[in-house]
Structure formats: structure tokens, C-alpha cells
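S.K.: Predicted structure and sequence below. I'll ask about it afterward.
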Amino acid sequence: MKRQQVRNGALAALIAVAVSGPGVFAQQNITYGADTPVAISGSSAWQKPVWLTDLSLGVKESYDDNVLLVSGDNLSPQASWVTTVSPKIGFNFAPLLGNQNTLQTLSMSYAPNVNIYHEDPSQNYTAHKIGDTIKGQAGNVSYLLDNAFLYNDGNHQAPTYGQPNGSDSLDQYRNNYAQAVARERLAQIQERTTVLLQYDWDNFFARPTASLLDYNLMTDWHKSAGTWLGYQDYVDRYDVNGGVDLGYKLTPNLAATLGYRYGSQYQQQFPTAITTDNHYSSSDYQRVLLGLEGKPWNWLDVKLAGGPDFRNYNPMTPINDHNPVKYYGEAVLTATLTPSQSVTFNYKQWQWVSSTGKVPYLDSTYALTYHWNATKQLGFDLGGKVLESDYTEGNDNSGTAPSRRDDMEYEVSVGVTYAFNPHLSATLAYTYDLGDNALNNLPANLGPGYRDFKHQLVSLGLQIKF
């Protein structure tokens, strides 16, 4: 209850300052493997009404060779076949209002993704995904409300892992990206909201903006002892911010921006019955952002921003400097190489709070994707991603030596999609993940090898579009 009051109060205050919405960008959801190419033209006995934008059913069979992404140290990898059934329905009621721009989009979609792990039923879950968008323009004023809501009907018990090197201590040395995969299958609610309002003049624009990113983990807590030794507890967390961007149009298609954000990050605290080693790393922050957005050339789309992030951490945060100046940066660049080929680069680096209740960390993402529509029916995708969670600014226990963990993940993926006709397509995809400990010379009792993992996922899926 207290957490909900804090979150609602912070969000209400920001909406009072500016029309609610995200930071410079909405949260990026990067998908690897083949995207279904635009269906080839053809006739159909039944045509969807104009307001029915999506009506589809997907079925996918996958083989996951390491469901929990473990290293094999005291806990052997578990493989499983995975069946995924993904119906989807989407609406856009704006066309019913006729030819006007005041309300360009009034859409909603619902996609319940059912995931069945045949060799490990504890990982079964259904992801209920709801998206809604309101977008429009009136004269020189434009607006956007975009919300992505996720409810996972999954297990309320998190995994119980083995102890590194036979230790009886908490499993605090596991790679961040390994436990994150299992966490995303558990019972939880996630919400990402973007709202913005833009006023345009001849060469300038002003854009009040704010955002909400919220993780509400619904798993049970257990003290890691006895039969629960090695149990992984999770806490709730959110980031909310608001501010304004001022833009100057360098050319009709390219603008430079200067932005300001005031925000807050919240991290739930474990009760002492779970652990007395509490790390309550909530903070307030202010950001100053320089940015560039638009098309410097016809073949390149750019949206980027970066600048200093001034932090004010809770006094209980296990770091030496409670008022550090950090760097925040985010970028999306898309190059259209030919009408059938494109390359997209995504980047984000920011200060965030841990879902396991430990120290805050610097979260970095670098992703590159290549897409090629070889024909109207055949599409290829190739992707690469590098992730880093750097915890070395904080302390494992307040007042002691810096946290000795810096986790990495490297991912390569490839996918092929073939559209048999306008309504039926198939996708074959493969992903290889490598988890790595980025710190050298760690003593054996800190489990340096325990943080490494290898993971492969191969899948074959069919999608029917009505």
C-alpha cells in the first residue's frame, strides 16, 4: 500500500508539472529473429473492417537448452521443448470518425501468449499483453498517449538455485542476465506509459513529456535457509519522470533539442525476516539532455539524446557518494540501405535499481539488427546485442569494499521468414547467448565461473493473419 501511494503521488506531481509521457524516448522493445514481411497482395472472400487492425494466431515450437541459464556449477542446465500459442486482436476506431486529423489513432490490442514448458512445468506462464494508443493533431498542437500493459499469469514461486562452490551463503553471485530471463516468466505486472504534447512554430517546438516504467513482482518471499536455501527473492521497482524538450529545426527534417527531466526511482525493501542486509536504493534525479532527431539524409533516421544525470540517493543506499553525477544516453538510428534492406542501432545507458534488492547499477545496452526482404515472400534477419550490468559503484554491504560484480551478456540471432500467401507465414529462428563475468582475478569463493552461462534457443513458428 505504501509503495502504491508513493508511486501515485510521484506520478500525479509530474503530471501537474507537464502532460505525462516518457523521457526522450519510449521504452525500446527490441525483438530478434525474423519479422514477418508485408503480406503479398491478393483477394479474399472476407475483408476485415477498417477498424479491425489485427486478427491473427501464432503457434511456435521451440527448443531451449538451458531454461534457467545456469553455468552448470552445482546446478545442471535443464532443457525443454516449449510450445507457444499467440492469438492477437487489435482495433483502431479513429477511421470511424472520417477524414480528420484531430484523432488520428484510437487503438487497443490484446495478445495472450500461452507458453508451455513440457520438461519444466514450473516455468509455464501466460503473458496477457494489452496496448493502447491515442494520437492526434489540432493545428500546431500534437499529442500522444501510449501505454503497454503486461500481466503474467505465472508461478508465484521463484527458482531455487544451487550455491556457488558448495557455499552455504546466499546465491548472490549469479549473472544478472541469467536470473532476469527466469524472472520475466513469473507472476507480475509491468507497465510502460508515454504521454507527450508538442507545440510547433516555424522553426521551434516545445514538448512537455513524462514517462512511467513500473515492475510489480508478485512472487512470494522466502528466507534463503533450510529447504529454501538458494531461493531467489525479487522486489518491486519503478522509474517515473517528467519535463520538457525545446527544439530548433536545423532543416525541415532535422531538429536539435535541449531537454530537462525531473524523476524518481523506487526500490522496494525486503523485511528483516527475509534478510537483514537491506539495500534501499531509491533516488531522485535531474537530467539535462542534448539531442538530435529527424532525418539528416533521406536514408537515415536519427533520434538520440544524452547528458548529465544528477542523483540524490536515499541515505540507506550502499554507495559511498549519495549525490553522484552520472551519464544518461539513449539512441535509435535506422539506415535504409536499399528499399529492401535496413540496419537499426539501439543504445541506452542509465542508472537503475536491482530487482534482487542489491546495489544500484549502470545498465548498458547496445543492439544492431539487419533486415532484408529478399523477395515479397522471403525475409532475413540478423541481430547482435551486448548488455552490461556494472555494480562496482556500490558495496555488497554498506561501508565495505566495492561490489565485485560486472555482468555481461553477448547475443547473436538469425531468422528466416517465408510468407506462403497473404494470410500464412512461417519463421525459423536461432539465438545464442553467452553470459560472462567482466571482472578479473576474483577469488574462488566469489564464484567467478558461476556467473558464466551458455544458452541456445531454436524455434519454428506459423502465423495466420485473418
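M.R.: Nice, thanks for sending it over. Residues are numbered from 1 along each chain as shown.
S.K.: Could you name the helices and strands sitting against the helix or strand where Leu197 lies?
M.R.: Using DSSP states H and E, Leu197 sits within strand 188-200. Other elements packing on strand 188-200 under the criterion 3 or more C-beta pairs under 8 Å, 6 or more residues apart in numbering; DSSP states H and E are strand 141-153, strand 204-217. The way it works is simple: take the backbone N, C-alpha and C, and place the C-beta from them, glycine included.
S.K.: So which of those is the most surrounded?
M.R.: Ranked by mean neighbour count, those are led by strand 204-217 with a mean of 20 (mean count of other C-beta atoms under 10 Å).
S.K.: What helices and strands are in contact with it?
M.R.: When contacts are defined as 3+ C-beta pairs under 8 Å, 6+ apart, strand 204-217 sits against helix 2-17, strand 188-200, strand 237-251.
S.K.: dump the residue contacts of Glu203.
M.R.: If you look again at residue 203, you'll see it is Asn, not Glu. Listed by C-beta atoms under 8 Å, 6 or more residues apart in numbering, the contact set of Asn203 reads Tyr248, Lys249.
S.K.: can you count the residues close to Leu368?
M.R.: 15 (other C-beta atoms under 10 Å).
S.K.: Whichever strand or helix holds it packs against which elements?
M.R.: Per DSSP H and E: Leu368 is located in strand 361-373. Where contact means 3+ C-beta pairs under 8 Å, 6+ apart, strand 361-373 is packed against strand 341-352, strand 378-390.
S.K.: got the contact list for it?
M.R.: With C-beta under 8 Å, 6+ apart as the test, strand 361-373 has contacts from 30, 32, 35, 37-38, 176, 326, 340-354, 379-391, 393-394.
S.K.: show me what contacts Asp233?
M.R.: Going by C-beta under 8 Å, 6+ apart, Asp233 touches Ala158, Thr219, Trp221, His222, Ser224, Phe270, Ile274, Thr275, Thr356, Gly357.
S.K.: Distance of the residue nearest to the fourth one when sequence neighbours are not counted relative to Gly357?
M.R.: Spatial nearest neighbour of His222, chain neighbours left out: Trp228 (4.1 Å); criterion: C-beta to C-beta, 6 or more residues apart in numbering. Distance, Trp228 to Gly357, using C-beta to C-beta, to the nearest Å: 16 Å.
S.K.: what are the ranges of the strands in the stretch 51-200 of the chain?
M.R.: 52-64, 80-92, 105-117, 125-138, 141-153, 188-200 (DSSP state E, counting those that start in this stretch).
S.K.: Next, the angle from the second one to strand 125-138.
M.R.: Inter-element angle recorded for strand 80-92 and strand 125-138: 30 degrees (by axes from the mean of the first three to the mean of the last three C-alpha atoms, to 10 degrees).
S.K.: distance between strand 80-92 and the chain's centre?
M.R.: Strand 80-92 has its C-alpha centroid displaced from the chain centroid by 19 Å (C-alpha atoms, centre = their mean, to the nearest Å).
S.K.: Could you name the helices and strands sitting against that strand?
M.R.: Right, strand 80-92 is packed against strand 52-64, strand 105-117 by 3+ C-beta pairs under 8 Å, 6+ apart.
S.K.: Tell me the buried residues in stretch 383-392?
M.R.: Buried residues in stretch 383-392, counted by 16 or more other C-beta atoms under 10 Å: Gly383, Lys385, Leu387, Glu388, Ser389, Asp390, Tyr391.
S.K.: now those as CSV including distance to Thr84 and pLDDT?
M.R.: As requested, the buried residues of stretch 383-392 are exported to CSV (distance: C-beta to C-beta, whole Å; pLDDT from 0 to 100):
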residue, distance to Thr84, pLDDT
Gly383, 19, 98
Lys385, 21, 98
Leu387, 23, 98
Glu388, 29, 97
Ser389, 27, 94
Asp390, 33, 93
Tyr391, 33, 89
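S.K.: sec struct for Leu258, please.
M.R.: Counting by DSSP: H, G, I helix; E, B strand; the rest coil, the backbone at Leu258 sits in strand.
S.K.: Tell me who's in contact with it.
M.R.: Leu258 neighbours (C-beta under 8 Å, 6+ apart): Asp245, Leu246, Gly247, Val288, Leu289, Leu290, Gly291.
S.K.: For Asp321, state which of these is nearest.
M.R.: Val288 (19.2 Å; C-beta to C-beta).
S.K.: In terms of helices and strands, where is that closest one?
M.R.: Assigned by DSSP H and E, Val288 belongs to strand 283-297.
S.K.: ok, and for that strand, which residues are buried?
M.R.: Ser283, Tyr285, Arg287, Leu289, Gly291, Leu292, Glu293, Gly294.
S.K.: quick one: low-confidence parts of the stretch 51-200 of the chain?
M.R.: For the stretch 51-200 of the chain, the stretches flagged by pLDDT under 70 are 74, 162-173.
S.K.: Could you tell me how far the residue nearest to His222 is located from Pro315?
M.R.: 31 Å.
S.K.: who's more crowded, the two?
M.R.: Each of Trp228 and Pro315 has its neighbours counted (other C-beta under 10 Å); Trp228 has more, 14 against 7.
S.K.: quick one: that one from Ser122, how far?
M.R.: 15 Å.
S.K.: Check Pro77 too.
M.R.: In terms of C-beta to C-beta, Pro77 sits 15 Å off from Ser122.
S.K.: now do Leu197
M.R.: 45 Å.
S.K.: can you check Ile134 too?
M.R.: From Ile134 to Ser122 the distance is 39 Å (C-beta to C-beta).
S.K.: ok, now Ala331?
M.R.: Distance from Ala331 to Ser122, by C-beta to C-beta: 38 Å.
S.K.: Among these two, which residue is more densely surrounded?
M.R.: Ala331 (20 against 17).
S.K.: Quick check on the more buried one: phi, psi?
M.R.: phi -160, psi 150 (degrees, to the nearest 10).
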